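Sequence first, predicted coordinates after that:
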Amino acid sequence: MIYEIIHNKKHGFVNSLGRIQILPNFDKVGDFSEGLVGVFKESVTKINSESQYVHFWYINSNGESVIRNAKFDWGQPFSEGFAYVRFKENGKWGFINLDGKTIIEPKYEDSYSSGFSDGLANVRENEKHGYINKKGEVIIPFIYDWGYRFNDGYAIVKQGSRKFFIDKKGSILKTEKCTVVETINGGFKEGLAVVKVKKKYGLINLSGDFVISPKYDDLGGYNHGICSFKINGKWGFMDKTQQIFIKPKFKDVGYFQDGIAPASLNGKKWGLIDLDGEFIKEPEFDQIWDFSKGMTHELSKSNKWTLARCIKNRQEYYINSKCEIVCEIEPKLEKQKLKNEQLKSAFSAKGVQEKDVWTKAKWSYDGFTITKKGAIKPIYFVLKWLKSKDLLTNEGLECYKDKNNLDIGLYRFMVKPEAAFFLDRFYHLWYDLEDIANFEIEPELKFKEDENLDEYWEYFTKNK
């Protein structure tokens, strides 16, 4: 399995051994689900500090593009073979399948959807929530103020101040008098749901009857036959028959996965415990999340978890089930080693598109973003470097002479074939790795010599 890491504000993925699986080249990534993850590139910061992502597509666990369609610019994780995406043409949302084919036309203005579960998806229309099937037909009308995913045939919905369960026909589940609790499970799981009566918690079954009377200070709900419970300020664990197998002694706990759970005796230091309630190692972490966090949808079905997120001394790590640190989540990677991997990846990439233009001057002066001077500066810098290598055509030399052309760009006709081959593979990598965007945003910054372009060129000439 693979796990998200961040390097120089770019997102990538490592495998379960902590080794780089997908290079950190993305401005934002989503959650892996059903073998795919949505990735974003080229974020543009607006004056209101919101980010607009120019390119969006889905990749697999090898980093290969699987669904790349210029029609949509944003998407959510896949669920039951469908993903909720935003279409550029009208700015509305619809559903695509794993082949990238539009299955439900974009007609929803709201970005929220629960994704499909039990064959239904919660979507929002005119500020109200309802449920549609995989044909786009409305099955449960848009009458709720909020709605959750279906689990075990029921979903939690909210109407005014009331929260209750509905089935897949929209009928309300009749329960004992209680308050529905929005747990991490989102309602029912393994046929049981946590509810609250006054200040105590219990569990009801799919018929709405109490299976565990409301007598606990808190309940985590069942997960693989194990339920955490809190009484007198301490957490313990019981099995499906309500037999307590770990007495309440912990200040805080997580969920068990494959016989391992995060826990803390004092709320300050965390470790991993086994089914006997004993720590595998002396607690040393400031926080440990469940092994289920950040994993793929397939992994959640297999019930096998390899790594968990944790914090120690303000640094985030991934640990394995032996409570051993595998890698940092924001690793201080050796820059040159990482760059060499990226150069190799860029050079050996298959199906590289021959571009007519690699970049054009884009300015949007509002006192904060990109000025005219900043927009043209990097392009003229690259042209100057290409000229020094005798890689400009006569047309390119003529364009370079006009140092104040606000419509300047880096076009294929301006460079010789060898340079075009080089730029197809390395221009955007160089732009990202060397933080060239800084020169656009802060035009007073000065370029230092070649800004490492010679390094890219040297790698190219040695390996071509």
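Yep, that arrived.

these two touch, right, D424 and D356?
No. Using C-beta atoms under 8 Å, D424 is not in contact with D356, being 10.7 Å away. (C-beta placed from N, C-alpha, C; glycine too.)

More neighbours: those two, which one.
Using other C-beta atoms under 10 Å as the criterion, D424 and D356 rank with D424 on top: 17 against 10.

Can I take it that that one is in a helix?
Yes. Counting by DSSP: H, G, I helix; E, B strand; the rest coil, D424 is found in a helix.

hey, which helix or strand in this structure has the poorest pLDDT?
Across the helices and strands of the chain, mean pLDDT, DSSP states H and E gives its lowest value to helix 297-302, namely a mean of 39.

Packing partners of whichever helix or strand comes after it?
Counting by DSSP states H and E, the next helix or strand C-terminal to helix 297-302 is strand 308-312. Judged by 3 or more C-beta pairs under 8 Å, 6 or more residues apart in numbering; DSSP states H and E, strand 308-312 is in contact with strand 287-288, strand 315-319.

What helix or strand is the nearest residue to Y131 once chain neighbours are set aside located in?
Once flanking residues are discounted, Y131 sits nearest to I140: 4.0 Å by C-beta to C-beta, 6 or more residues apart in numbering. Element membership for I140 (DSSP H and E) is strand 138-144.

buried set for that strand?
Buried residues in strand 138-144, counted by 16 or more other C-beta atoms under 10 Å: I140, F142, Y144.

what separates it from the chain centre, distance-wise?
29 Å (C-alpha atoms, centre = their mean, to the nearest Å).

And stretch 450-464, by the same measure?
In this view, stretch 450-464 has its centroid 33 Å away from the chain centroid, taken as C-alpha atoms, centre = their mean.

Quick check: buried residues in that stretch?
So for stretch 450-464, counting by 16+ other C-beta under 10 Å, buried means D450, E451, L453, E455, Y456, W457, Y459, F460.

The residues you listed in helices, which ones?
When DSSP state H is applied, these are split such that L453, E455, Y456, W457, Y459, F460 fall in helices.

low-scoring stretches of the chain, by residue?
Low-confidence segments of the chain (pLDDT under 70): 43-54, 183-186, 292-305, 332-339, 363-371, 435, 437-438, 441-445.

Domains in it, by residue range?
Following automatic domain parsing, the chain resolves into domains at 1-68, 261-329, 335-463.

would you list the ones you listed in JSON lines and tack on distance to D217?
Converted to JSON lines, these look like this (distance: least, C-beta to C-beta, whole Å):
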{"stretch": "domain 1-68", "distance to D217": "32"}
{"stretch": "domain 261-329", "distance to D217": "15"}
{"stretch": "domain 335-463", "distance to D217": "48"}
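
right, so of the ones you listed, which gets closest to E80?
Ranking the domains of the chain by proximity to E80 (C-beta to C-beta) places domain 1-68 first, at 8.2 Å.

Mind checking the helices and strands packed on strand 308-312 for the one nearest to L192?
Of all the helices and strands packed on strand 308-312, it is strand 287-288 that lies closest to L192, at 25.4 Å by C-beta to C-beta.

Which neighbours in the sheet does the closest one have, and how are they oriented?
Note on strand 287-288: by DSSP bridges, its sheet partners are strand 308-312 (antiparallel).

got the CA coordinates for the strand it pairs with in CSV?
Extracted C-alpha coordinates of strand 308-312, given in CSV (Å, rounded to 0.1, in the frame of the first residue of the first chain):
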residue,chain,number,x,y,z
ALA,A,308,-0.4,4.5,11.1
ARG,A,309,0.2,8.3,11.4
CYS,A,310,1.7,9.6,14.6
ILE,A,311,3.4,12.7,16.2
LYS,A,312,6.5,12.8,18.2
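
now the angle between strand 315-319 and that strand, please.
Per axes from the mean of the first three to the mean of the last three C-alpha atoms, to 10 degrees, the angle that strand 308-312 makes with strand 315-319 is 140 degrees.

Could you list the buried residues of strand 308-312?
The neighbour-count check on strand 308-312 (16+ other C-beta under 10 Å) flags A308, R309, C310, K312 as buried.

mind listing what E328 touches?
E328 is in contact with I5, Q315, E316, Y317, Y318, counting by C-beta atoms under 8 Å, 6 or more residues apart in numbering.

Let's see that with 7 Å instead.
E328 is in contact with Q315, E316, Y317, counting by C-beta atoms under 7 Å, 6 or more residues apart in numbering.

mind listing the helices for the stretch 351-464 of the chain?
Secondary structure of the stretch 351-464 of the chain by DSSP state H, counting those that start in this stretch: the helices cover 372-388, 394-401, 417-433, 437-441, 453-463.

out of those helices, which comes closest to G75?
Checking the helices of the stretch 351-464 of the chain against G75 by C-beta to C-beta gives helix 417-433 as the closest, at 21.5 Å.

what does that closest one rub up against?
For helix 417-433, contacts defined as C-beta under 7 Å, 6+ apart pick out 25, 339, 342, 346-347, 349, 352, 354-355, 358, 386, 391, 412, 415, 453, 456-457, 460.

Any quick ChimeraX command for the buried ones out of the residues you listed?
Of the contacts of helix 417-433, the buried ones can be selected in ChimeraX as follows, counting by 16+ other C-beta under 10 Å:
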select :25,339,342,346,347,358,386,391,412,415,453,456,457,460
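
Who is F87 paired with across the strands?
F72.

Mind listing the residues bridging to the residue nearest to P24 when sequence neighbours are not counted?
Spatial nearest neighbour of P24, excluding adjacent residues (C-beta to C-beta, 6+ apart): G12 at 3.1 Å. Beta-bridge pairing for G12 (DSSP bridges): I5.

and G12, how many neighbours?
Residues contacting G12 under the criterion other C-beta under 10 Å number 24.

next one: T241
Around T241 there are 6 other residues, counting by other C-beta under 10 Å.

residue ranges for the strands of the stretch 201-350 of the chain, please.
For the stretch 201-350 of the chain, the strands defined by DSSP state E, counting those that start in this stretch cover 210-216, 218-223, 226-231, 234-239, 244-250, 252-253, 261-264, 270-273, 287-288, 308-312, 315-319, 325-328.

who wins for proximity to K446 among these?
strand 325-328 (33.0 Å).
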